[in-house]
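Peer 1: Just a sequence and a predicted model for now, questions to come.
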Amino acid sequence: DAPTFFLRKALDAFPPYLPGKPAREVPGLTAYKLASNEQAAPPLPEVLDAIAEAGREPRFYPDTFGTVLIGELSRLLDRPRDWFILGTGSSELINAIVQATCDDGDEAIYPWPSFEMYPQVTGMAAARRLEIPLTADARLDLPAMAAAFSERTRLVFLCSPNNPTGPALRHAELEEFMRQVPAGVIVVLDEAYLEYVTVPDAADGLELQRRWPNLVLLRTFSKAHGLAGMRIGYAVAHPRVIEALTKTVMPFGVSAAAQMAALASLRCADAVRTRAAALSARRDQIAQELRDLGYRVPEAQGNFVWLPLAEHSGAFEDYCADHALSVRNLDDGVRVTIGEEPGLQRFLGLAREFRGRIPEGHPALADVVVPGRA
Ligand code: PMP
(Lines give C-alpha, C1' and ligand atoms only; values in the text may rest on other atoms or scores of the structure.)
Protein backbone atom coordinates (compact mmCIF):
# COMPACT_ATOMS: atom_id res chain seq x y z
CA ASP A 1 0.00 0.00 0.00
CA ALA A 2 1.19 3.49 -0.83
CA PRO A 3 1.97 5.47 2.34
CA THR A 4 0.02 8.70 2.91
CA PHE A 5 1.45 11.97 4.20
CA PHE A 6 0.22 15.31 5.47
CA LEU A 7 0.55 17.24 2.21
CA ARG A 8 -1.24 20.51 1.52
CA LYS A 9 -4.63 20.25 -0.22
CA ALA A 10 -3.77 23.33 -2.29
CA LEU A 11 -1.23 21.21 -4.19
CA ASP A 12 -4.00 19.14 -5.78
CA ALA A 13 -5.38 22.17 -7.60
CA PHE A 14 -2.58 22.57 -10.14
CA PRO A 15 -0.29 20.31 -12.15
CA PRO A 16 3.47 20.17 -11.57
CA TYR A 17 5.65 22.25 -13.89
CA LEU A 18 6.52 20.10 -16.91
CA PRO A 19 9.61 21.31 -18.78
CA GLY A 20 10.07 20.91 -22.54
CA LYS A 21 11.13 17.37 -23.43
CA PRO A 22 14.49 16.55 -24.98
CA ALA A 23 14.18 15.59 -28.64
CA ARG A 24 13.68 11.87 -29.29
CA GLU A 25 16.55 10.04 -31.01
CA VAL A 26 15.57 8.86 -34.50
CA PRO A 27 18.12 6.83 -36.52
CA GLY A 28 19.61 8.90 -39.33
CA LEU A 29 18.33 12.25 -38.04
CA THR A 30 20.04 14.88 -35.89
CA ALA A 31 17.73 15.71 -32.96
CA TYR A 32 16.72 19.33 -32.28
CA LYS A 33 14.97 20.75 -29.23
CA LEU A 34 12.71 23.69 -30.04
CA ALA A 35 10.69 23.31 -26.84
CA SER A 36 12.14 25.56 -24.12
CA ASN A 37 12.86 28.93 -25.76
CA GLU A 38 16.56 28.45 -25.16
CA GLN A 39 19.31 30.28 -27.02
CA ALA A 40 20.66 28.36 -30.05
CA ALA A 41 23.80 30.46 -30.58
CA PRO A 42 26.93 29.21 -28.75
CA PRO A 43 28.01 30.96 -25.52
CA LEU A 44 30.12 34.11 -25.86
CA PRO A 45 33.81 33.46 -24.97
CA GLU A 46 33.82 36.34 -22.45
CA VAL A 47 30.91 34.69 -20.63
CA LEU A 48 32.62 31.29 -20.55
CA ASP A 49 35.77 32.91 -19.16
CA ALA A 50 33.77 34.61 -16.40
CA ILE A 51 32.15 31.31 -15.39
CA ALA A 52 35.51 29.51 -15.37
CA GLU A 53 37.04 32.26 -13.25
CA ALA A 54 34.18 32.14 -10.72
CA GLY A 55 34.46 28.33 -10.62
CA ARG A 56 38.00 28.55 -9.25
CA GLU A 57 36.73 29.66 -5.82
CA PRO A 58 33.79 27.54 -4.67
CA ARG A 59 34.44 27.74 -0.91
CA PHE A 60 32.67 31.01 -0.18
CA TYR A 61 29.02 32.03 -0.29
CA PRO A 62 28.19 34.35 -3.17
CA ASP A 63 27.42 38.04 -2.60
CA THR A 64 23.74 37.69 -1.68
CA PHE A 65 23.20 41.38 -2.53
CA GLY A 66 24.71 41.02 -6.01
CA THR A 67 26.55 44.29 -5.46
CA VAL A 68 28.64 44.43 -8.62
CA LEU A 69 25.95 43.21 -11.00
CA ILE A 70 23.30 45.44 -9.48
CA GLY A 71 25.69 48.37 -9.75
CA GLU A 72 25.98 47.69 -13.47
CA LEU A 73 22.20 47.29 -13.91
CA SER A 74 21.62 50.49 -11.95
CA ARG A 75 23.94 52.36 -14.31
CA LEU A 76 22.50 50.80 -17.48
CA LEU A 77 18.83 51.29 -16.56
CA ASP A 78 19.23 54.61 -14.75
CA ARG A 79 17.62 53.52 -11.48
CA PRO A 80 19.05 53.64 -7.94
CA ARG A 81 20.53 50.38 -6.67
CA ASP A 82 17.75 49.85 -4.16
CA TRP A 83 15.33 49.31 -7.06
CA PHE A 84 16.91 45.91 -7.91
CA ILE A 85 16.98 42.36 -6.60
CA LEU A 86 18.45 39.20 -8.13
CA GLY A 87 16.74 35.82 -8.26
CA THR A 88 17.56 32.28 -9.40
CA GLY A 89 15.90 33.06 -12.70
CA SER A 90 12.84 35.24 -12.89
CA SER A 91 10.99 32.07 -11.79
CA GLU A 92 12.21 32.58 -8.24
CA LEU A 93 11.10 36.21 -8.33
CA ILE A 94 7.61 35.25 -9.56
CA ASN A 95 7.35 33.00 -6.52
CA ALA A 96 8.87 35.61 -4.20
CA ILE A 97 6.36 38.25 -5.32
CA VAL A 98 3.42 35.92 -4.70
CA GLN A 99 4.79 35.03 -1.25
CA ALA A 100 5.15 38.73 -0.49
CA THR A 101 1.64 39.75 -1.59
CA CYS A 102 -0.94 36.96 -1.33
CA ASP A 103 -2.50 35.64 1.87
CA ASP A 104 -5.11 32.85 1.74
CA GLY A 105 -8.10 33.99 -0.28
CA ASP A 106 -6.42 37.05 -1.78
CA GLU A 107 -6.85 37.33 -5.51
CA ALA A 108 -4.24 37.11 -8.23
CA ILE A 109 -5.24 37.98 -11.79
CA TYR A 110 -3.31 36.68 -14.78
CA PRO A 111 -3.92 36.00 -18.47
CA TRP A 112 -4.41 32.51 -19.83
CA PRO A 113 -2.78 30.87 -21.73
CA SER A 114 0.40 32.40 -20.37
CA PHE A 115 3.45 31.29 -18.39
CA GLU A 116 2.61 28.15 -16.36
CA MET A 117 4.45 29.44 -13.31
CA TYR A 118 1.66 31.96 -12.57
CA PRO A 119 -1.04 29.37 -11.74
CA GLN A 120 1.50 27.18 -10.01
CA VAL A 121 2.86 29.70 -7.54
CA THR A 122 -0.42 31.51 -6.89
CA GLY A 123 -2.06 28.12 -6.33
CA MET A 124 0.67 27.18 -3.88
CA ALA A 125 0.01 30.37 -1.93
CA ALA A 126 -3.70 29.44 -1.73
CA ALA A 127 -4.60 32.66 -3.52
CA ARG A 128 -7.82 32.85 -5.54
CA ARG A 129 -6.76 32.58 -9.16
CA LEU A 130 -8.58 34.64 -11.77
CA GLU A 131 -7.51 33.48 -15.23
CA ILE A 132 -8.53 35.97 -17.89
CA PRO A 133 -8.77 34.46 -21.39
CA LEU A 134 -6.76 36.03 -24.21
CA THR A 135 -8.49 37.85 -27.06
CA ALA A 136 -9.26 36.02 -30.31
CA ASP A 137 -5.91 37.16 -31.70
CA ALA A 138 -4.04 35.70 -28.69
CA ARG A 139 -3.30 39.06 -27.01
CA LEU A 140 -3.69 39.92 -23.32
CA ASP A 141 -7.23 41.25 -22.78
CA LEU A 142 -6.38 44.23 -20.55
CA PRO A 143 -9.95 45.61 -20.40
CA ALA A 144 -11.20 42.21 -19.20
CA MET A 145 -8.36 42.01 -16.68
CA ALA A 146 -9.23 45.49 -15.36
CA ALA A 147 -12.87 44.44 -15.07
CA ALA A 148 -11.79 41.62 -12.71
CA PHE A 149 -10.39 43.91 -9.98
CA SER A 150 -12.00 43.50 -6.55
CA GLU A 151 -11.35 44.42 -2.92
CA ARG A 152 -9.26 41.25 -2.59
CA THR A 153 -7.05 41.82 -5.64
CA ARG A 154 -3.41 41.85 -4.54
CA LEU A 155 -1.44 40.95 -7.64
CA VAL A 156 -1.65 41.06 -11.43
CA PHE A 157 0.68 39.26 -13.83
CA LEU A 158 1.19 40.61 -17.33
CA CYS A 159 3.51 38.85 -19.75
CA SER A 160 4.87 40.78 -22.72
CA PRO A 161 5.62 39.25 -25.15
CA ASN A 162 3.16 36.66 -23.92
CA ASN A 163 4.58 33.17 -23.53
CA PRO A 164 3.33 31.02 -25.29
CA THR A 165 1.29 33.02 -27.80
CA GLY A 166 3.73 35.82 -28.75
CA PRO A 167 2.03 39.25 -28.91
CA ALA A 168 3.58 42.26 -27.11
CA LEU A 169 1.66 44.83 -25.09
CA ARG A 170 1.50 48.34 -26.55
CA HIS A 171 2.56 51.37 -24.53
CA ALA A 172 -0.81 53.13 -24.77
CA GLU A 173 -2.83 50.08 -23.68
CA LEU A 174 -0.58 49.39 -20.70
CA GLU A 175 -0.74 53.05 -19.68
CA GLU A 176 -4.54 52.92 -19.85
CA PHE A 177 -4.53 49.73 -17.77
CA MET A 178 -2.22 51.20 -15.11
CA ARG A 179 -4.61 54.11 -14.69
CA GLN A 180 -7.32 51.65 -13.64
CA VAL A 181 -5.30 49.58 -11.15
CA PRO A 182 -6.56 50.10 -7.58
CA ALA A 183 -4.06 51.78 -5.22
CA GLY A 184 -1.59 49.36 -3.68
CA VAL A 185 -2.14 46.50 -6.14
CA ILE A 186 1.16 45.26 -7.56
CA VAL A 187 1.32 44.71 -11.30
CA VAL A 188 4.12 42.44 -12.50
CA LEU A 189 5.27 42.98 -16.07
CA ASP A 190 7.17 39.82 -17.02
CA GLU A 191 9.59 40.91 -19.73
CA ALA A 192 11.46 37.63 -20.20
CA TYR A 193 11.49 38.09 -23.99
CA LEU A 194 11.96 41.87 -24.07
CA GLU A 195 15.13 41.78 -26.20
CA TYR A 196 13.25 40.22 -29.13
CA VAL A 197 10.53 42.87 -29.36
CA THR A 198 10.57 44.80 -32.63
CA VAL A 199 7.20 46.62 -32.80
CA PRO A 200 7.92 50.33 -32.36
CA ASP A 201 5.00 51.12 -30.03
CA ALA A 202 5.67 48.32 -27.52
CA ALA A 203 5.15 49.06 -23.81
CA ASP A 204 8.18 50.67 -22.16
CA GLY A 205 7.98 49.34 -18.62
CA LEU A 206 10.80 51.48 -17.25
CA GLU A 207 9.08 54.61 -18.49
CA LEU A 208 5.68 53.67 -17.06
CA GLN A 209 7.28 52.69 -13.74
CA ARG A 210 8.29 56.33 -13.20
CA ARG A 211 4.61 57.22 -12.96
CA TRP A 212 3.32 53.97 -11.45
CA PRO A 213 5.66 52.68 -8.75
CA ASN A 214 3.34 49.68 -8.26
CA LEU A 215 4.67 48.33 -11.59
CA VAL A 216 7.27 45.59 -11.04
CA LEU A 217 9.48 44.59 -13.98
CA LEU A 218 10.85 41.06 -14.25
CA ARG A 219 13.78 40.29 -16.49
CA THR A 220 15.94 37.24 -17.06
CA PHE A 221 19.34 36.27 -18.40
CA SER A 222 17.89 32.94 -19.60
CA LYS A 223 16.75 33.99 -23.06
CA ALA A 224 18.63 36.63 -25.09
CA HIS A 225 21.68 36.34 -22.81
CA GLY A 226 21.72 32.56 -23.25
CA LEU A 227 22.23 31.79 -19.54
CA ALA A 228 19.21 29.57 -18.77
CA GLY A 229 21.48 27.01 -17.11
CA MET A 230 23.02 29.57 -14.75
CA ARG A 231 19.65 30.53 -13.17
CA ILE A 232 19.70 34.30 -12.88
CA GLY A 233 17.14 37.04 -13.36
CA TYR A 234 16.20 40.30 -11.65
CA ALA A 235 13.32 42.52 -10.65
CA VAL A 236 13.14 46.29 -10.96
CA ALA A 237 10.69 47.66 -8.38
CA HIS A 238 10.08 50.36 -5.82
CA PRO A 239 12.47 49.99 -2.83
CA ARG A 240 9.53 49.11 -0.53
CA VAL A 241 8.71 46.17 -2.76
CA ILE A 242 12.37 45.17 -3.11
CA GLU A 243 12.69 45.19 0.69
CA ALA A 244 9.74 42.76 0.92
CA LEU A 245 11.27 40.50 -1.72
CA THR A 246 14.55 40.27 0.18
CA LYS A 247 12.53 38.33 2.77
CA THR A 248 10.94 35.89 0.33
CA VAL A 249 13.90 34.97 -1.92
CA MET A 250 16.45 32.35 -0.89
CA PRO A 251 19.51 33.86 0.76
CA PHE A 252 22.60 33.14 -1.36
CA GLY A 253 20.41 31.64 -4.12
CA VAL A 254 22.22 33.21 -7.06
CA SER A 255 25.69 31.71 -7.46
CA ALA A 256 28.83 33.77 -7.97
CA ALA A 257 29.28 32.10 -11.38
CA ALA A 258 25.78 33.21 -12.41
CA GLN A 259 26.43 36.78 -11.28
CA MET A 260 29.78 36.92 -13.08
CA ALA A 261 28.31 35.39 -16.24
CA ALA A 262 25.46 37.91 -16.26
CA LEU A 263 27.87 40.80 -15.76
CA ALA A 264 30.10 39.56 -18.60
CA SER A 265 27.05 39.23 -20.85
CA LEU A 266 25.87 42.78 -20.07
CA ARG A 267 29.34 43.96 -21.08
CA CYS A 268 28.90 42.20 -24.45
CA ALA A 269 25.73 44.19 -25.12
CA ASP A 270 26.49 44.71 -28.81
CA ALA A 271 26.90 40.99 -29.49
CA VAL A 272 23.76 40.16 -27.50
CA ARG A 273 21.77 42.79 -29.37
CA THR A 274 23.04 41.67 -32.79
CA ARG A 275 22.08 38.06 -32.07
CA ALA A 276 18.63 39.03 -30.82
CA ALA A 277 18.01 41.15 -33.92
CA ALA A 278 19.01 38.28 -36.22
CA LEU A 279 16.71 35.92 -34.34
CA SER A 280 13.79 38.34 -34.51
CA ALA A 281 14.25 38.70 -38.27
CA ARG A 282 14.25 34.90 -38.72
CA ARG A 283 11.17 34.65 -36.46
CA ASP A 284 9.29 37.09 -38.68
CA GLN A 285 10.16 35.04 -41.78
CA ILE A 286 9.03 31.81 -40.16
CA ALA A 287 5.77 33.33 -38.91
CA GLN A 288 5.11 34.58 -42.44
CA GLU A 289 5.89 31.20 -44.02
CA LEU A 290 3.45 29.53 -41.63
CA ARG A 291 0.77 32.10 -42.46
CA ASP A 292 1.41 31.48 -46.16
CA LEU A 293 0.73 27.79 -45.48
CA GLY A 294 -2.64 28.84 -44.09
CA TYR A 295 -1.96 28.75 -40.35
CA ARG A 296 -3.27 31.41 -38.02
CA VAL A 297 -0.06 32.64 -36.36
CA PRO A 298 -0.54 35.51 -33.91
CA GLU A 299 1.88 38.43 -33.70
CA ALA A 300 5.21 36.86 -32.73
CA GLN A 301 7.46 39.13 -30.60
CA GLY A 302 9.41 36.58 -28.56
CA ASN A 303 11.94 33.94 -29.69
CA PHE A 304 9.12 31.55 -30.60
CA VAL A 305 6.02 31.15 -32.75
CA TRP A 306 2.60 29.84 -31.76
CA LEU A 307 0.37 27.49 -33.71
CA PRO A 308 -3.14 27.46 -32.19
CA LEU A 309 -3.78 23.82 -33.11
CA ALA A 310 -6.17 23.12 -30.21
CA GLU A 311 -7.12 19.40 -30.25
CA HIS A 312 -4.52 18.74 -32.97
CA SER A 313 -1.66 19.91 -30.74
CA GLY A 314 -0.79 16.45 -29.40
CA ALA A 315 -0.78 14.92 -32.88
CA PHE A 316 1.55 17.62 -34.17
CA GLU A 317 3.88 17.22 -31.19
CA ASP A 318 4.01 13.43 -31.85
CA TYR A 319 4.56 14.00 -35.56
CA CYS A 320 7.52 16.27 -34.78
CA ALA A 321 8.87 13.79 -32.20
CA ASP A 322 8.79 11.04 -34.85
CA HIS A 323 11.13 13.31 -36.83
CA ALA A 324 13.54 13.96 -33.89
CA LEU A 325 12.12 17.39 -33.21
CA SER A 326 10.92 18.45 -29.77
CA VAL A 327 8.27 21.22 -29.76
CA ARG A 328 6.07 22.30 -26.86
CA ASN A 329 2.46 21.11 -26.76
CA LEU A 330 0.53 23.32 -24.34
CA ASP A 331 -2.92 21.88 -25.14
CA ASP A 332 -4.33 25.08 -26.70
CA GLY A 333 -1.56 24.99 -29.24
CA VAL A 334 2.07 24.28 -29.98
CA ARG A 335 4.94 26.66 -29.27
CA VAL A 336 8.08 26.38 -31.35
CA THR A 337 11.37 28.06 -30.40
CA ILE A 338 13.36 29.88 -33.06
CA GLY A 339 16.33 27.57 -32.48
CA GLU A 340 18.94 25.98 -34.72
CA GLU A 341 18.39 26.49 -38.44
CA PRO A 342 18.31 22.82 -39.54
CA GLY A 343 15.66 22.18 -36.88
CA LEU A 344 13.63 25.13 -38.14
CA GLN A 345 13.85 23.85 -41.72
CA ARG A 346 12.57 20.47 -40.60
CA PHE A 347 9.79 22.09 -38.58
CA LEU A 348 8.60 24.11 -41.61
CA GLY A 349 8.53 20.94 -43.72
CA LEU A 350 6.49 19.10 -41.08
CA ALA A 351 4.10 22.05 -40.67
CA ARG A 352 3.54 22.00 -44.44
CA GLU A 353 2.75 18.26 -44.39
CA PHE A 354 0.56 18.52 -41.29
CA ARG A 355 -1.55 21.31 -42.80
CA GLY A 356 -3.47 18.70 -44.80
CA ARG A 357 -4.63 17.00 -41.60
CA ILE A 358 -6.45 20.07 -40.33
CA PRO A 359 -10.05 20.19 -41.52
CA GLU A 360 -11.28 23.32 -43.31
CA GLY A 361 -13.10 25.63 -40.92
CA HIS A 362 -10.79 24.81 -37.98
CA PRO A 363 -9.75 27.87 -35.89
CA ALA A 364 -6.06 26.98 -36.42
CA LEU A 365 -6.49 28.26 -39.99
CA ALA A 366 -5.96 31.89 -40.90
CA ASP A 367 -9.08 32.32 -43.02
CA VAL A 368 -11.47 31.20 -40.26
CA VAL A 369 -13.21 33.84 -38.13
CA VAL A 370 -12.69 32.99 -34.45
CA PRO A 371 -15.43 34.10 -32.07
CA GLY A 372 -14.48 36.29 -29.13
CA ARG A 373 -13.00 39.71 -28.60
CA ALA A 374 -10.75 40.81 -31.47
N1 PMP B 1 8.73 34.33 -17.55
C2 PMP B 1 8.43 33.83 -18.74
C3 PMP B 1 7.35 34.46 -19.54
C4 PMP B 1 9.13 32.72 -19.22
O5 PMP B 1 8.80 32.20 -20.40
C6 PMP B 1 10.13 32.14 -18.43
C7 PMP B 1 10.91 30.93 -18.88
N8 PMP B 1 10.31 30.04 -19.70
C9 PMP B 1 10.39 32.70 -17.20
C10 PMP B 1 9.68 33.80 -16.79
C11 PMP B 1 11.38 32.14 -16.25
O12 PMP B 1 12.63 32.11 -16.74
P13 PMP B 1 13.88 31.97 -15.78
O14 PMP B 1 13.42 31.45 -14.47
O15 PMP B 1 14.78 31.03 -16.48
O16 PMP B 1 14.43 33.37 -15.67
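Peer 2: On my side now, so go ahead. Numbers count the residues shown, from 1 in each chain.
Peer 1: contacting residues around the residue in the stretch 1-150 of the chain that the ligand sits nearest to?
Peer 2: As assessed by C-beta to the nearest ligand atom, the ligand sits closest to Gly89 within the stretch 1-150 of the chain, at 2.4 Å. Every C-beta, even on glycine, is put in place using the N, C-alpha and C of the backbone. Contact analysis of Gly89 by C-beta atoms under 8 Å, 6 or more residues apart in numbering lists Thr220, Ser222, Ala228, Arg231, Ile232, Gly233.
Peer 1: Can you say which of these are also within reach of the ligand?
Peer 2: Restricting these to those touching the ligand (C-beta under 6 Å from any ligand atom) yields Thr220, Ser222, Ala228, Gly233.
Peer 1: circling back: would you mind giving the contacts of Gly89 as a markdown table with distance to Leu189, neighbour count and secondary structure added?
Peer 2: A markdown table is the format used below for the contacts of Gly89 (distance: C-beta to C-beta, whole Å; neighbours: other C-beta atoms under 10 Å; DSSP: H, G, I helix; E, B strand; the rest coil):
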| residue | distance to Leu189 | neighbour count | secondary structure |
| --- | --- | --- | --- |
| Thr220 | 13 | 25 | strand |
| Ser222 | 17 | 22 | coil |
| Ala228 | 20 | 16 | helix |
| Arg231 | 21 | 20 | coil |
| Ile232 | 19 | 29 | coil |
| Gly233 | 13 | 27 | strand |
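Peer 1: per-residue pLDDT, Ala256?
Peer 2: Ala256 carries a pLDDT score of 98 in this model.
Peer 1: Arg373 too?
Peer 2: With respect to pLDDT, Arg373 scores 64.
Peer 1: Name the residues of stretch 268-279 that are buried.
Peer 2: Cys268, Val272, Arg275, Ala276, Leu279 (16 or more other C-beta atoms under 10 Å).
Peer 1: doesn't the second one fall inside a strand?
Peer 2: Looking back up the chat, that one is Val272. No. Read with DSSP: H, G, I helix; E, B strand; the rest coil, Val272 is helix and lies in no strand.
Peer 1: Could you shift the numbering so residue one becomes 744, and keep it that way?
Peer 2: I'll keep to 744 as the first residue from here, and by that count the last item is Val1015.
Peer 1: Turn the ones next to the ligand among the contacts of Gly832 into TSV, columns for pLDDT.
Peer 2: Converted to TSV, these look like this (pLDDT from 0 to 100):
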residue	pLDDT
Thr963	98
Ser965	98
Ala971	98
Gly976	98
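Peer 1: Looking at those, which two lie furthest apart in space?
Peer 2: Ala971 and Gly976 (10.2 Å; C-beta to C-beta).
Peer 1: okay, and the common contacts of these two?
Peer 2: Between them, Ala971 and Gly976 share the contacting residues Gly832, Ser965, judged by C-beta under 8 Å, 6+ apart.
Peer 1: returning to what we had before: let's have the buried residues of stretch 1011-1022 in JSON lines, adding secondary structure, pLDDT and distance to the ligand.
Peer 2: Listed next are the buried residues of stretch 1011-1022 as JSON lines, based on DSSP: H, G, I helix; E, B strand; the rest coil; pLDDT from 0 to 100; distance: C-beta to the nearest ligand atom, whole Å:
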{"residue": "Cys1011", "secondary structure": "coil", "pLDDT": "98", "distance to the ligand": "19"}
{"residue": "Val1015", "secondary structure": "helix", "pLDDT": "98", "distance to the ligand": "15"}
{"residue": "Arg1018", "secondary structure": "helix", "pLDDT": "98", "distance to the ligand": "18"}
{"residue": "Ala1019", "secondary structure": "helix", "pLDDT": "98", "distance to the ligand": "15"}
{"residue": "Leu1022", "secondary structure": "helix", "pLDDT": "98", "distance to the ligand": "15"}
